[in-house]
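# prediction below, plus the sequence it came from.
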Amino acid sequence: MSILENVTFDEIEIGRTASYSKTLSEEDLVLFAKVSGDVNPVHLDAEFAKTTQFGERIAHGMYTGSLVSAALGIVLPGPGTIYLGQSLRFRAPVMVNDTITVNMEVVKKRDDKKFVTLECTIVNQHGKKVATGTADVIAPTEKIKLDAPELPNIIIG
């Protein structure tokens with residue numbers, strides 16, 4: 001079991017960086033469609049996707065956005081973070097089996113409200129930018145260290 005530990009507002013410095021990576025599986029793609037309700041055939045229908053400019057199925061754009069959320073919630077600032085908003089510009093498609101890395105850099109802090117702004121650059125395993133943007137959060141003020149929860153196995157049928 002892994003440990004989750006946050007970085008408090010007082011520990012965060014402008015220029016601090018962090019990264020989070022995840023590989024998009026077939027199961028992730030289908031589960032994201034189920035959870036979001038977005039069943040656009042470009043994500044789920046291989047024959048339809050062949051007729052598009054991408055030539056194959058692509059991940060939902062907000063799947064990439066959700067990886068930013070994960071990075072903020074478990075890496076920087078980590079547990080206890082309140083996600084306020086995000087700007088995101090999609091630059092390239094994400095395909096099944098792509099490994100996506102969210103690279104974050106703290107670019108602004110606001111002491112009175114404990115707000116932190118992070119610049120986000122999301123790349124695939126080839127270093128190609130798939131999205132860029134910023135994220136605004138309220139950073140935790142108390143230190144948190146805990147066991148990461150174990151998620152249940154899910155069977156798609």
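Happy to help now that I have it. Numbering: from 1, shown residues only.

# neighbours of the closest residue to Ser2 other than its chain neighbours, just the number please.
Distance criterion CB to CB, 6 or more residues apart in numbering; nearest residue to Ser2, sequence neighbours excluded, is Ala148 at 4.6 Å. The C-beta positions use only the backbone N, C-alpha and C, and glycine is treated the same way. By other CB atoms under 10 Å, the residues close to Ala148 number 11.

# do you know how far Ala148 is from Val7?
Plainly put, Ala148 is 16 Å away from Val7 if you go by CB to CB, to the nearest Å.

# need the residue closest to the centroid of the chain.
Leu67 (1.3 Å; CA atoms, centre = their mean).

# could you tell me the per-residue confidence at that one?
Here the pLDDT value assigned to Leu67 is 98.

# equivalent analysis for the one 3 residues further on, please.
Model confidence at Ala70, given as pLDDT, is 98.

# identify the single longest helix in this protein, thanks.
In the chain, taking DSSP state H as the definition, the longest helix is helix 61-74.

# and it, what other elements does it pack with?
strand 17-23, helix 26-36, strand 82-90, strand 99-110, strand 115-123, strand 129-138 (3 or more CB pairs under 8 Å, 6 or more residues apart in numbering; DSSP states H and E).

# at 6 Å what do you get?
Applying 3 or more CB pairs under 6 Å, 6 or more residues apart in numbering; DSSP states H and E, one finds that helix 61-74 makes contact with strand 82-90, strand 99-110, strand 129-138.

# pLDDT weak spots in this protein?
1 (pLDDT under 70).

# same thing but 50
Along the chain, the model assigns pLDDT under 50 to no residue.

# still on that earlier bit, so the residue nearest to the centre of the chain makes contact with Val102?
Yes: between Leu67 and Val102 there is a contact at 5.2 Å, judged by CB atoms under 6 Å.

# from Glu56, how far out is the spatially closest residue to Ile122 that is not a sequence neighbour?
Spatial nearest neighbour of Ile122, excluding adjacent residues (CB to CB, 6+ apart): Ala131 at 4.2 Å. In this view, Ala131 and Glu56 are 19 Å apart by CB to CB.

# cool, thanks, signing off.
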